[in-house]
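Asker: how does the following fold in three dimensions:
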Amino acid sequence: MAIFSRSKRKSPVRDLTMGVDLIGEILNRTDQEMADMPPVNIMLIGKTGVGKSTLINEIFRENLADTGIGAPVTPHLLKITKTGVPLTLYDTKGLELSEEAQRMVQHEVVGLLKEKDLAADPKEKIHCVWFCISSLSRRLEKTERIWINALALQLPVIVVLTQALEESGTRELKEYIEQECPQIRACIPVIARDYSIGPHTLPSFGLKELMLTTFRNIPDESQRAFINAQRVDIDKKAELASRWARRFVYETFAVGFIPIPFADAPIIATSQVTMIAKITAIFGISYDRAMLTSLVGAMAGIGGAVVTGRTLTTNILKLVPGAGTLVTGVISGSTAAAITLTMSKVYISALREVSLREYAGERVLPEEIRYLVETEMRKYMERTRK
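Answerer: Numbers count the residues shown, from 1 in each chain. Below you'll find the predicted structure:
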């Protein structure tokens, strides 16, 4: 599913300053943000049956391993991608076969890594390796040890101990791998999905640690794509979105400080639309135009302040000779920054809730999201007044 499902129905939400369709503008800018976002490329290595597909589907959105979307790169390598998800996975197969087959897989992997490393486009480079070993095997094979150590000299390698159902055996295997493969970035036991044992259920664990460790070990330019693609840590999405939003808060303060009557509102409105598109791209939520219309429509009271409340309290002051450029600039800039900050907080809170509901298999109705936005808006506006 694409990030947005566009409708031909004209949106009633329009910006009073710019005179354009806000929803269409946000959709277009979000599409551009996604197109410009450098993808994150991860190689998965492990035998069939170690739980790679389950791991992929529990960490990333859109159930990548179940889509059937995969292009053979070599006889033993499959490239997995999906439109709207800035992620490429290279999955190995055949490691459970004969030694000859294992050597062929290794040869193909080494060839692909060399090809991507020499690629002119940096978007093609492999950023990280997840080497998956089943904890139930209780062993690290000699070929695996050699391969892991060789790969760790070229790329960040994270050993993922899947199916970590038995604590003591998993701990011993982890310690042994860390001793035999000292160059790896981490060895992380995981249970990708809740596991039922008779009347008892062993809850999943390790996914957030794997996500955070990967995030810290990939290039900065690919981190935003990784946060977009993953679904195990919604707070990380909100954290990254908040960091980006602060840039727009500073920007709108600087624009609002300009002592030119009525000249800054269009620039501020453009900056706020760009901010919303940037936040939307970071979260990577699948929803339709009606949902976005509800979100932006409920926030119209804040956005409208750019051309109503700000006009009355700041632009008028700019026309008064005795008011002073510095004083009115501070008032204008602070007002613009406060509006932008409130918009960002409300929007991030709303998308956080949408994410939690969506990944739980639920759908948030437009009426629900409007109520959520309006509630959050009142809360943040009250804080701003204080």
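
Asker: okay, CA-based contacts and neighbour counts for the rest of this
Answerer: OK.

Asker: so what does the strand or helix carrying residue 188 touch, helix or strand wise?
Answerer: Using DSSP states H and E, residue 188 maps to strand 186-189. The criterion is 3 or more C-alpha pairs under 8 Å, 6 or more residues apart in numbering; DSSP states H and E, and the helices and strands that strand 186-189 contacts are strand 157-162, helix 167-180, helix 207-217.

Asker: looking at the ones you listed, spot the one closest to residue 285.
Answerer: Checking these against residue 285 by C-alpha to C-alpha gives helix 207-217 as the closest, at 18.3 Å.

Asker: and residue 80, its phi and psi?
Answerer: phi -110, psi 120 (degrees, to the nearest 10).

Asker: the helices and strands packed on strand 186-189: which one's closest to residue 249?
Answerer: Of the helices and strands packed on strand 186-189, nearest to residue 249 by C-alpha to C-alpha is helix 207-217, at 25.7 Å.

Asker: could I get the CA-only coordinates of the closest one as CSV?
Answerer: Output in CSV follows, covering the C-alpha atoms of helix 207-217 (Å, rounded to 0.1, in the frame of the first residue of the first chain):
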residue,chain,number,x,y,z
LEU,A,207,13.3,-6.3,18.5
LYS,A,208,13.7,-2.8,19.9
GLU,A,209,17.3,-3.5,20.9
LEU,A,210,18.0,-4.8,17.3
MET,A,211,16.3,-1.7,15.9
LEU,A,212,18.3,0.8,18.0
THR,A,213,21.6,-1.0,17.5
THR,A,214,21.1,-1.0,13.7
PHE,A,215,20.1,2.7,13.8
ARG,A,216,23.4,3.6,15.6
ASN,A,217,25.5,1.6,13.1
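
Asker: ok now it, how far from the chain's centre?
Answerer: Its chain's C-alpha centre and that of helix 207-217 lie 13 Å apart, by C-alpha atoms, centre = their mean, to the nearest Å.

Asker: residue 351 - nearest residue in space that isn't next to it in sequence?
Answerer: residue 283 (7.2 Å; C-alpha to C-alpha, 6 or more residues apart in numbering).

Asker: tally of neighbours for that neighbour?
Answerer: 27 (other C-alpha atoms under 10 Å).

Asker: for the one 10 residues further on, same thing?
Answerer: Counted with other C-alpha under 10 Å, the neighbours of residue 293 add up to 19.

Asker: was I right about it contacting residue 23?
Answerer: Yes: the pair residue 293 / residue 23 is scored as a contact, 6.4 Å apart, by C-alpha atoms under 8 Å.

Asker: tell me who's in contact with residue 188.
Answerer: 158, 159, 160, 161, 174, 206, 209, 210 (C-alpha atoms under 8 Å, 6 or more residues apart in numbering).

Asker: what separates residue 153 from residue 133, distance-wise?
Answerer: 19 Å (C-alpha to C-alpha, to the nearest Å).

Asker: please name every helix or strand in contact with the helix or strand where residue 296 lies.
Answerer: Under the criterion of DSSP H and E, residue 296 resides in helix 289-298. Counting contacts by 3+ C-alpha pairs under 8 Å, 6+ apart, helix 289-298 is packed against helix 22-36, helix 366-385.

Asker: quick one, which of residue 153 and residue 133 is more surrounded?
Answerer: It is residue 133, of residue 153 and residue 133, that has more neighbours when counted by other C-alpha under 10 Å, with 27 against 11.

Asker: now the helix or strand that the more buried one is a member of against strand 157-162, angle please.
Answerer: For residue 133, the host element (DSSP H and E) is strand 128-134. Interaxial angle of strand 128-134 relative to strand 157-162 (axes from the mean of the first three to the mean of the last three C-alpha atoms, to 10 degrees): 30 degrees.

Asker: please identify the buried residues of the helix or strand that strand 128-134 is followed by?
Answerer: As assigned by DSSP H and E, the chain's next helix or strand after strand 128-134 is helix 142-152. Going by neighbour count (16 or more other C-alpha atoms under 10 Å), the buried part of helix 142-152 is 144, 148, 149, 151, 152.

Asker: which one is residue 202 nearest to, not counting chain neighbours?
Answerer: Spatial nearest neighbour of residue 202, excluding adjacent residues (C-alpha to C-alpha, 6+ apart): residue 195 at 5.0 Å.

Asker: residues contacting the one you found?
Answerer: Counting by C-alpha under 8 Å, 6+ apart, residue 195 has contacts 201, 202, 203, 204.

Asker: and for residue 350?
Answerer: Going by C-alpha under 8 Å, 6+ apart, the list of residues near residue 350 reads 295, 369, 372, 373.

Asker: quick check: domain ranges of this structure?
Answerer: As assigned by automatic domain parsing, the chain contains the domains 4-36+233-385, 40-226.

Asker: can you lay out those domains as a markdown table showing mean pLDDT?
Answerer: Listed next are the domains of the chain as a markdown table, based on pLDDT from 0 to 100:
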| stretch | mean pLDDT |
| --- | --- |
| domain 4-36+233-385 | 67 |
| domain 40-226 | 90 |
